[in-house]
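**Student:** Give me a model of this one.
(2 chains)
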There are 2 protein chains.
Amino acid sequence: MAELLDRNTRAEALDTLKGWSPVEGRDAITRTFEFKNFVEAFGFMTKVALRAEKMNHHPEWSNVYRTVVVTLSTHDAGGLTELDVKLARAIDRLAGE
Amino acid sequence: MAELLDRNTRAEALDTLKGWSPVEGRDAITRTFEFKNFVEAFGFMTKVALRAEKMNHHPEWSNVYRTVVVTLSTHDAGGLTELDVKLARAIDRLAGE
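**Tutor:** Presented below is the predicted three-dimensional model:
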């Protein structure tokens, strides 16, 4: 099972994950993505879904038209693990960064 | 532009839309769908996304693993319209009902 990030690893990860912020009151990170329209937003979600399923690590996310809000945390571990950092980096790449 | 439902049409619609509830503090309806796993949940979302895009009327929704929460309201009209009722019925069909 993935282990919670220690303080140093967490600080380093958050420092390198541009655009992701800690979630208040939870050991989780979140990022909001804006696209041109719904098709672009859902296209992004589809790419993330395939990646997440392959990693067997899934986002919590919401979508309203062209906006997608992604929150990452490892439920089994009760907080942020290396899996979340890895998925966040993959999501950033899939968002075209 | 779609018009807000009048009181009678709204009551009738809510009565026939099983599983959908009014959202507190908003003129909107919501329903929670549970699937077997993430693949089933996201497969459902993909079907709804294609339908929504075709209708040019999109849900607000969130997903955590096998759970999908859908909220419908017509932003341009500031509340529930015939479009929401139509999309709700389509979503119920796509969920396999």
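**Student:** Give me every residue in chain A lying close to chain B.
**Tutor:** By the rule Cβ under 8 Å from any Cβ of the partner chain, the part of chain A lying against chain B is A:38-39, A:42, A:45-46, A:49, A:52-53, A:58, A:60-65. In this view, the C-beta of every residue, glycine as well, is placed from N, C-alpha and C.
**Student:** Write a ChimeraX command that selects only the buried members of the residues you listed.
**Tutor:** Entered in ChimeraX, the line below selects the buried ones among these, by 16 or more other Cβ atoms under 10 Å in any protein chain shown:
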select /A:38,42,45,49,52,58,60,61,62,63,64,65
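**Student:** Any idea which residue of chain A lies closest to chain B?
**Tutor:** Of all residues in chain A, residue A:62 sits closest to chain B, at 3.7 Å by Cβ to the nearest Cβ.
**Student:** Show me which helix or strand of chain A is least confident by mean pLDDT.
**Tutor:** helix A:7-16 (a mean of 92; mean pLDDT, DSSP states H and E).
**Student:** Now do that one: distance to the chain's middle.
**Tutor:** 15 Å (Cα atoms, centre = their mean, to the nearest Å).
**Student:** Residue B:10: which of the residues of chain A next to chain B is nearest?
**Tutor:** The nearest member of the residues of chain A next to chain B to residue B:10, counting by Cβ to Cβ, is residue A:64 at 22.4 Å.
**Student:** which residue sits closest to the closest one in space, ignoring its chain neighbours?
**Tutor:** Nearest non-adjacent residue to residue A:64, counting by Cβ to Cβ, 6 or more residues apart in numbering or on different chains: residue B:60, 4.6 Å away.
**Student:** Residue B:54 versus the one you found, what's the distance?
**Tutor:** To residue B:54, residue B:60 is 18 Å away according to Cβ to Cβ, to the nearest Å.
**Student:** contacting residues for the residue nearest to residue A:39 when sequence neighbours are not counted?
**Tutor:** In space, and not counting its chain neighbours, residue A:39 is closest to residue B:53: 6.2 Å by Cβ to Cβ, 6+ apart. Residues near residue B:53 by Cβ atoms under 8 Å, 6 or more residues apart in numbering or on different chains: A:38-39, A:42.
**Student:** got it, and residue A:65?
**Tutor:** Residue A:65 touches A:37-38, A:41, B:58, counting by Cβ under 8 Å, 6+ apart.
**Student:** quick check, residue A:62 in a helix?
**Tutor:** No: counting by DSSP: H, G, I helix; E, B strand; the rest coil, residue A:62 is not part of a helix but strand.
**Student:** Run through the bridge partners of the closest residue to it other than its chain neighbours.
**Tutor:** Of all residues not flanking residue A:62 in the chain, residue B:62 sits nearest, at 3.7 Å (Cβ to Cβ, 6+ apart). For residue B:62, the beta-bridge partners are residue A:62, residue B:69 (DSSP bridges).
**Student:** Surely residue A:81 and residue A:4 touch.
**Tutor:** Yes: with contact defined as Cβ atoms under 8 Å, residue A:81 counts as touching residue A:4 (6.0 Å).
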